[in-house]
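1. This is a predicted model, with the sequence first.
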Amino acid sequence: MGCCGGRSGARVTNGKPSGCVLCKIWAVLTTEKTPDGEPCVVIPGHIAHKPDPCIYDQFLLMQLGKPVTWDNPDVRIFLGGVEQYTYNLTASTEYDVEITVHNASREKPANQTTVDIAWISFGAGAETRHPVTVASTDVPVWPGTSVVTTKWRTPDVPGHYCIEVVLSHPDDGNPSNNRGWNNTQVFAAQSPVERELRIYNRHPGDCPPVREGGGPVLRPHRVFLGWAPLAAVATLPLTPHGMQGMRYLPSLLALMLIGYVVGSAIGLFAESAYAAMARRRNASRARTLPPPRTDCHLVEIAVDSYEFEDKTGKEFDPAVAFKGRGAIWGAKVEPPSFVFLPGEAFRDVRLLVDAPDDPGPAGTFNVNVWQGGVPSGGATFTITTGG
Amino acid sequence: MAGCDTSPHNALYESGERRVLGWVGGSAAAVAFAALAEAAGIAGLAGGALAVAIAAIAIAALAGAVIGFFIGLAVNWFDRLHVQDPSTITMSGCILCAGKNTGVPPLNDNDWTFNLGGPLALLSPVQAGLDVNQIRTRSAPGAGEVQTVTDPKSGQQILHCEIGSHIGDYAAVGAAIGSVAGAVAGAVAGAIACAAIGLLTFGIGAALCLLVVAIAILAGAAVGGIAGDAIGGVAGWIADGVSDFNEIGESVSRGCLMSLTGRWVTDGSHGHNEIHDVTSAQIIECNACDQDPTGTAAGGLVAAVGIGRHPTGRDP
C-alpha cells in the first residue's frame, strides 16, 4: 500500500527520517506528494503507543453494532469455588469476585490501572452504583492479563444484582473499552415462560441540554492580545513630536499605554457587538433548522441468543466471534420499544420465551436495551428445560 | 504541502483568510490614521512636503497591514477551534488520507492530518442522542454553521482529524511578538535617525522624519515578524522532538484502520467538525480497509481490539 511499513522502512529509521539534518531537510523538501496525503506519515510515538487497559465492554460492542452477552467473560462471582449468576445471589453472603483485566497494547504495560467494582440493580439503565471495592493492578502488555479478586458481602436486604466494573488509567489509549457488566439470571422453565426486566430511565427529567452553536461569547484574548496591542502599535507614528532628549522613551511608552487602553475599550465594544449579532444569527438558524436528534426517552429493546466464545489472538476470529444469532425458541420482548413518560423512573418489560417442554440443552437469551439511540444495558437469561 | 484536504474547503462564513484580512485592513487603517494625525500637525505642509507626508501615510498603512497580519494570524490561530460538549471523543474508522502539513509556517502548520472515513463509528462517550451524524454536524458552543465534508479523492463522508504540532503554535506567537517588537524598535530607530540628521523641524523636514519613521516601522514589523515566525517555528520543531523524546514513531497510511481519541471541536477556519488535537492514535491494523466496501471486517477488528482479544498495531 505504499507505506514505509511499521517502524523500519526505507525512509524511516526509529520513526524519523534518517541521516544528517540537511538530509532530513532535503527529504522533507523532495518527498513526492500525492493527492491523498503522503504514502506514509510517521506520527509521534507518544500518541501512537499508549497502554490500553480494557475489559469485555458491552457498551463499546453495542456502539459498534456487535452482539453482546451480559454474562461477562471477564467478570465472575464465586461462592465456595462455584460460579454464580448475579440475579440469585443470597443476602448477607460473602462472595468472591474475580475480574480479568486485559491490555490491548503490545508496547506499554498498563501499570496502576484502577479497577472500580460496584453493584447496581438488576435490569438495564440503572445508574446508582453501590461500591464493592476499588483496586489497583498492573496489567502487562498484550497478551498478558491481570486478575483482580475481592471479597463482596451482599446487602442484608435480599435483591437482584448486576456487577459493574469500570477501569481507569491516566494515560489510557482508548477510554471507550473500560466498562463491563455482569448481569445474568438462570431459571428452569417449561413453555411458555415469562420474565420481567426492569428498564431504568436514564433521563427521568428533561433530556440533557445540548450545548451547541449560539455564537461566540466574548473572547477576552481577542481584545487584550489583539485589539489592544494593535492600538498601542498604531500610536508609533505619533511619537516623533514627543521626542526631546531622554524623554523620548517614556513618552513613547506612555503613548503606547494610552493606545492599549483605548484599544481595549474599542475592542470590548466591538467584540461584544459582534458576539451579540452572531448569537442572534445562529439562534435564528437553529430555530429554522433543528438538528435531527434521537429522543433521549425513546427505549428500544432487542433479544437474541448470541453466545460469546472467548479466545485470544489468532484464535479469535472476529467474523466468527461476533456473528449474531437470532433468538431461539421464539423469544420476544413486550413491548419492544416505548417512550418514557415525563418523570417515569422505570418500566418493567416482559421477556416471553416459548421454551420447549422436552428436556434438552439450555437456551440463552440476551436482552439488549438502547435509550436515546445508545446502549443502556441489558441482561442475559439462561433457561433450562425439562424441569 | 502534503496535509489532507477536505471537500468543500473554506466554503463557509469565517475562513481563516477572510478573518486575518479583517485584522490586516483594520490595522492598516489605524496606523495610517495615526500617521495622518501626525502629518496634520506639521506646520507648512505643502508642495513637496505634502507629497512626502502622503507617502509616509501610505507606508504607515502598509506597516499597519504587516503588523495586523501577524497579530491577526496569532489571534485567529488560537481562536479558530471551538470546543464541543463533550470535549473528548473516541472514533474509529479507516484512514482515507494521511499526511503531514510540512512546510514553512504560517503557510503550513506542520500538523499531522487524517481523513477518517470508511466504517466511521463513535466509540465514546455513550451519550443519548450523540451519534456519528451529530459528531459531524453539531455546531460547537461559540461556533457558527458547520458543513459536512468528504474526502476529495474517494468522495466518502469523513471526520477530519489532526495531531497538533508545536511548530504552528510557536510560530504564530513568535511572529506576533516579533512584529510588535520590530515595529517598536523601528519607530525608536527611525526617531533616533531623525534626531541624528536634524529633521525634527517643520515642513519637509518633519514630513521626511515621518516618512523615515514609517519606513522604519514597516521594516521592523516585517523583519521582526518573519524572524519571530522563524524562531518560533524552530522552537516548535525542537518542542515536537522533545515531547516525543525516546519514543519510536508509527507510520500510518491510507488503508489503516484506527481509533482516534482527542478533543472534539468545530474548526472555525474551515467550518467543519474535527478531532483536534488527537491525543491517542491506535492502529488497529493496516489491512487496506479502504477497499472493504461493507466495513464489516473492520468493525469486527475494532471490537476485537477493543475488548483486548487482539492487540493494537500491525500484526508482526
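-> Arrived safely.
2. alpha carbons only for contacts and neighbour counts from here, please
-> OK.
3. Leaving out the residues flanking it, which one is nearest to residue A:299?
-> residue A:371 (4.4 Å; C-alpha to C-alpha, 6 or more residues apart in numbering or on different chains).
4. who's in contact with that neighbour?
-> A:202, A:296, A:297, A:298, A:299, A:300, B:128 (C-alpha atoms under 8 Å, 6 or more residues apart in numbering or on different chains).
5. which residue ranges form the helices in chain A?
-> A:21-30, A:45-48, A:58-63, A:220-222, A:228-234, A:248-288, A:318-321 (DSSP state H).
6. tell me the pLDDT at the residue in the stretch 1-150 of chain B positioned nearest to chain A?
-> Distances between the stretch 1-150 of chain B and chain A by C-alpha to the nearest C-alpha are smallest at residue B:142, namely 3.7 Å. Confidence at residue B:142, expressed as pLDDT, is 79.
7. Verify the contact between it and residue A:213 for me.
-> Yes - contact status for residue B:142 versus residue A:213: in contact at 5.5 Å, counting by C-alpha atoms under 8 Å.
8. Who are the contact partners of the spatially most central residue of chain B?
-> For chain B, residue B:77 is the residue whose C-alpha lies nearest the centre (C-alpha atoms, centre = their mean; 4.7 Å). When contacts are counted by C-alpha under 8 Å, 6+ apart, residue B:77 touches B:169, B:172.
9. mind redoing it with 10 Å?
-> By C-alpha atoms under 10 Å, 6 or more residues apart in numbering or on different chains, the residues touching residue B:77 are B:16, B:20, B:71, B:106, B:168, B:169, B:172, B:173, B:269.
10. ok but residue B:88 is inside a strand, no?
-> Yes - judged by DSSP: H, G, I helix; E, B strand; the rest coil, residue B:88 forms part of a strand.
11. quick one: it and residue A:142, what's the gap?
-> Distance, residue B:88 to residue A:142, by C-alpha to C-alpha, to the nearest Å: 26 Å.
12. neighbour count winner among the two?
-> residue A:142 (25 against 20; other C-alpha atoms under 10 Å in any protein chain shown).
13. Setting aside sequence neighbours, what's the nearest residue to that one?
-> According to C-alpha to C-alpha, 6+ apart, the nearest residue to residue A:142 is residue A:106 (4.9 Å).
14. can you check residue A:341 too?
-> residue A:297 (7.8 Å).
15. Can you read off the pLDDT for that neighbour?
-> The predicted local confidence for residue A:297 is 93.
16. cool, residue B:38 as well?
-> At residue B:38, pLDDT is 89.
17. ok, it - how many residues close by?
-> Using other C-alpha under 10 Å: residue B:38 sits among 22 other residues.
18. repeat for residue B:48
-> By other C-alpha under 10 Å, neighbour count at residue B:48 equals 12.
19. what about the residue nearest to it when sequence neighbours are not counted, distance to chain A?
-> Nearest residue to residue B:48 in three dimensions, chain neighbours excluded: residue B:204, at 7.0 Å (C-alpha to C-alpha, 6+ apart). Separation of residue B:204 from chain A (C-alpha to the nearest C-alpha, to the nearest Å) stands at 14 Å.
20. quick one: contacts for residue B:204?
-> B:42-53, B:210.
21. Can I get those residues in a markdown table including pLDDT and secondary structure?
-> Below are the contacts of residue B:204 laid out as a markdown table (pLDDT from 0 to 100; DSSP: H, G, I helix; E, B strand; the rest coil):
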| residue | pLDDT | secondary structure |
| --- | --- | --- |
| B:42 | 81 | coil |
| B:43 | 74 | coil |
| B:44 | 74 | coil |
| B:45 | 74 | coil |
| B:46 | 77 | coil |
| B:47 | 82 | coil |
| B:48 | 81 | helix |
| B:49 | 84 | helix |
| B:50 | 89 | helix |
| B:51 | 91 | helix |
| B:52 | 91 | helix |
| B:53 | 92 | helix |
| B:210 | 90 | helix |
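22. thinking again about what came up before, now for the residue nearest to residue A:142: which residues touch it?
-> Residue A:106 touches A:49-52, A:140-144, B:310-313, counting by C-alpha under 10 Å, 6+ apart.
23. that older thread, now the contacts of residue B:204 in a markdown table, with distance to residue A:188?
-> Shown next, in a markdown table, are the contacts of residue B:204 (distance: C-alpha to C-alpha, whole Å):
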| residue | distance to residue A:188 |
| --- | --- |
| B:42 | 104 |
| B:43 | 107 |
| B:44 | 109 |
| B:45 | 107 |
| B:46 | 108 |
| B:47 | 109 |
| B:48 | 108 |
| B:49 | 106 |
| B:50 | 104 |
| B:51 | 103 |
| B:52 | 102 |
| B:53 | 100 |
| B:210 | 98 |
